[in-house]
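In: quick one, fold the following:
(chains A, B and C)
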Amino acid sequence: MSLIELRGLTHIYSQGTPFEKKAIDDVSLAIEAGQTVALIGHTGSGKSTLISHLNALLKPSSGTVLLDGEDIFASKASIRAARFRVGVVFQYPEYQLFEETVFADIAYGPKNLKLDDSEVDRRVREAAAFVGLDADQFDRSPLELSGGQKRRAAVAGVLAMEPDVLVLDEPTAGLDPAGREDLLARLFRWREVRGATILLVTHDMSIANRCERLVVMSGGRIVLDGTPEEVFAHDGQLVSIGLDLPAAAHIAKLLRERGLDLPAGIYTLDRLAEAILALRGKGAGPC
Amino acid sequence: MLKDITLGQYFPGDTVVHRLDPRTKLILTVAYIAAIFMVGSWGGYALVFAALAAVCAVAHIKPRALLKGLKPLVFIIVFTAVLNLFFTRGDDILFQWKFLRVTYTGVERAVSMVLRILLLVSGTFLLTYTTSPLAITDGLEKLLSPLKKLRVPVYELSLMMCIALRFIPTLIEETDRIMSAQKARGADLETGTLPERARALLPLLIPLFISAFRRADELALAMECRCYNGGEGRTRMKELHMAWRDGAAFALGAALIAGILLLRRLGI
Amino acid sequence: MDPVIRINNISYTYPGSDRPALDGLSLDILPGTFTAVLGSNGSGKSTLAKHLNAILVPTAGKVYVDGMDTADEGNLLAIRRRAGMVFQNPDNQIVANVVEDDVAFAPENLGVEPHEIRRRVDEALKQVGMYEFRMHAPHLLSGGQKQRVAIAGVLAMDPQVLVLDEPTAMLDPRGRREVLDAAESLCRERGITVVLITHHMDEAIRADRVLVLDRGRIALDGTPREIFAQTGALQALRLTVPETTALISRLNAAGMDLPMDALTPEACAAAIWEALG
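Out: Modelled structure (predicted):
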């Protein structure tokens, strides 16, 4: 049984008005426990709408969402359970900070879980350590933190709920290259320790690369689904739906177009360099 | 979702009604509201209703769109109807059960109050459906410009209104977003006692206020960068011009009021 | 040619801070050039941008825009008209509910004649490819479209300098491309001086000149080719090199002999193709 399963999920906004819009169109998807999945698509492809169904924030217009084989919309209790088992970090999560101190803000989720104080305390400290927030920041107001620290505090607020599935919508948007690397490394480290499932929603291919499975959405449907190698083998299709290729896949595509015999599905610089070096001295070039 | 609210929305178009000078539409809307309260007979309501339907037809506004806009007001309308139905005193009792008493006057009053609300709201909706918020503020600014002599900052007020209108959809979206984020952290906005629910709103309201202030700050800076320097010496790309159609609209408006008064006199 | 922006040894410390955000920085920017300013968070790049149109005035040193001292209050409007600014968040810089009314905001503030405003608004919208959206409500546009409207709003002032302060940070790849294409064409076709603040290395490739800021000073200054060849120096400044450069240095380390200045994927592929001959 899959951890999460979507069956024929369709979502229509403003149904029955002139502004009616089908954001998700008959999507079926199964995610196994422990997988790292990147959900890729440009703005308006339906990826943000899709993730709001995973923790029961949006109700499907038709279709079902199963968590461990159970319909999450079966009862009020199952909806609440889904909220806690599937942790969602939305885009620019720092805008949700509201408590007087960083500690209290991270503790908001665990407190809603009705945990006792010592357990809340443990979770807050652990989550903060995972994102790299020092304990000496706990008593500060979240508003006094730097941009990068705010982002970490907000992410910690969701990690502290210790969800089985962590969904992150563009977690590194607006961070500088070093900040991007650092946050991603920490998130993947958290996953390893917790054995959790990660679903990253992004249009940044260099982030998507880190996942073992890529799901590409366009126009409310899933158009590609597989390992990075399998997905990036369809480089032409990715470009035609308006997505950027990772630089390595892009250069590989250009070289193939010139007639170089490179294997399909190259998406990392290491792999590309290796493939190019293998062709050296074989007269593969122009003369 | 909050996004579904259509109240006060503008539907762009290119009909005579859309092209009328906003000042004309503002004056006529005020006159229309006054006219509704002058109605003294069922014939009068029919006449106003006919006029409304005619404007709708000319402006290509589907009656369904007007009805949809009325949805949020159902509660007020029902409340008014019930209030008038049961609490109007009179001797012409139609029906009585324990302390509840319905009189003929009550029914008449309830119906006419409901009609008034419906006509009033639909009429003002027609104004906002066919006039961009900016045109409305422009029109208001021009109409109120004599007040500048009394040192009322008319331009600043109209700019404030314009910016408020501009940011309503942005802030609604933001509210949706923050609500989702807090619900994802287990916020429970729907159950509990009233004080509990009020407290539960804090995680929504505080970030919303912080964000509104941040936006205001950034917008002020962006405006300064675009040489905003108060209303003094400012020109306008679109200057308001009255045309023949505005004259015709005023004439029709006057005819409507005259008709209402005539019907009232005749008691039809 | 006289520089359109001249910065003489400026320092700036935010009120309440003990560390200067800018620390003895000097810089000349020539008219018609495209300059990219890179730097990690807190390097002072946004603070520098805010000095280019007198939002901030240096605590020490001088900034001249088109020969005018930014510290002189009397020059304020003239400077803002010449150096337009586009910010990061597209939602927080659009004033009006209709695209064309928003673009008209600046020339209206400047008291330009109505028919001339109309002309400038239409031209600015065409320039950024948003003319057909002139009657749209801004909140229904995509991020890239909103940023292009914001650029048009600045263009309508008829400026000499366009300062873009991380204009693509909140956009998706398509939006980023739209905004960069618009900025680049303004520089190349209309001769507008563009200063782009960014932390995307691949955006800086398009510029004539790249500045890397570190702790309020200019750490590196040169053409994109010169800058991105310095892999070690960039990494020390918490920045990365474009992936094209990373690939080439890896291939060269394995004994190939590729030019370090093939920065775009196209140039990089061409160089590899040649070398495999």
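In: count of neighbours near residue 111?
Out: Looking at chain A here, since you left the chain open. Number of residues near A:Lys111 (other Cβ atoms under 10 Å in any protein chain shown) recorded here: 16. All C-beta spots, glycine's among them, are computed from the backbone N, C-alpha and C.
In: the intended chain is chain B.
Out: 15.
In: and the next element down the chain from the helix or strand containing it?
Out: Assessed by DSSP states H and E, B:Val111 sits inside helix B:104-130. Per DSSP H and E, the first helix or strand lying C-terminal to helix B:104-130 is helix B:133-144.
In: what is the rounded mean pLDDT of that next one?
Out: Across helix B:133-144, pLDDT averages out at 83.
In: the following helix or strand past it near chain A at all?
Out: Moving toward the C-terminus from helix B:133-144, the next helix or strand (DSSP H and E) is helix B:154-184. Yes - using Cβ under 8 Å from any Cβ of the partner chain, we find that helix B:154-184 touches chain A at B:174, B:177-178, B:180-184.
In: run the contact check for helix B:154-184 versus chain C.
Out: Yes - remark: helix B:154-184 sits within contact range of chain C at B:162-163, B:165-166, B:169-170, B:173, by Cβ under 8 Å from any Cβ.
In: most neighbours out of the residues of helix B:154-184 next to chain A, which is it?
Out: Greatest neighbour count in the residues of helix B:154-184 next to chain A, by other Cβ under 10 Å, goes to B:Ala184: 29 neighbours.
In: so who does that one touch?
Out: A:55, A:57, A:83, A:87-90, A:158 (Cβ atoms under 8 Å, 6 or more residues apart in numbering or on different chains).
In: from those, which is closest to B:Asn84?
Out: Within the contacts of B:Ala184, the smallest distance to B:Asn84 is 41.4 Å, found for A:Leu57 (Cβ to Cβ).
In: assumed that closest one was part of a helix.
Out: No - per DSSP: H, G, I helix; E, B strand; the rest coil, A:Leu57 lies outside any helix segment and is coil.
In: check which helices and strands the helix holding B:Val111 sits against.
Out: With contacts defined as 3 or more Cβ pairs under 8 Å, 6 or more residues apart in numbering or on different chains; DSSP states H and E, helix B:104-130 has these neighbours: helix B:16-19, helix B:22-38, helix B:42-58, helix B:63-70, helix B:74-87, strand B:93-97.
In: so C:Arg118 touches B:Met237, yeah?
Out: Yes - counting by Cβ atoms under 8 Å, C:Arg118 touches B:Met237, with 5.8 Å between them.
In: which one's more surrounded, the two?
Out: B:Met237 (22 against 16).
In: pretty sure that one sits against C:Ala106.
Out: No - the pair B:Met237 / C:Ala106 is not scored as a contact, 10.9 Å apart, by Cβ under 8 Å.
In: which parts of the chain are helices?
Out: No chain was given, so I picked chain A. A:47-54, A:76-85, A:102-112, A:117-131, A:147-159, A:177-194, A:205-208, A:228-232, A:235-240, A:247-258, A:269-279 (DSSP state H).
In: to clarify, I was referring to chain C.
Out: Under DSSP H, chain C gives helices at C:45-51, C:76-82, C:99-103, C:105-109, C:114-127, C:143-155, C:173-190, C:201-204, C:224-228, C:231-236, C:243-253, C:265-275.
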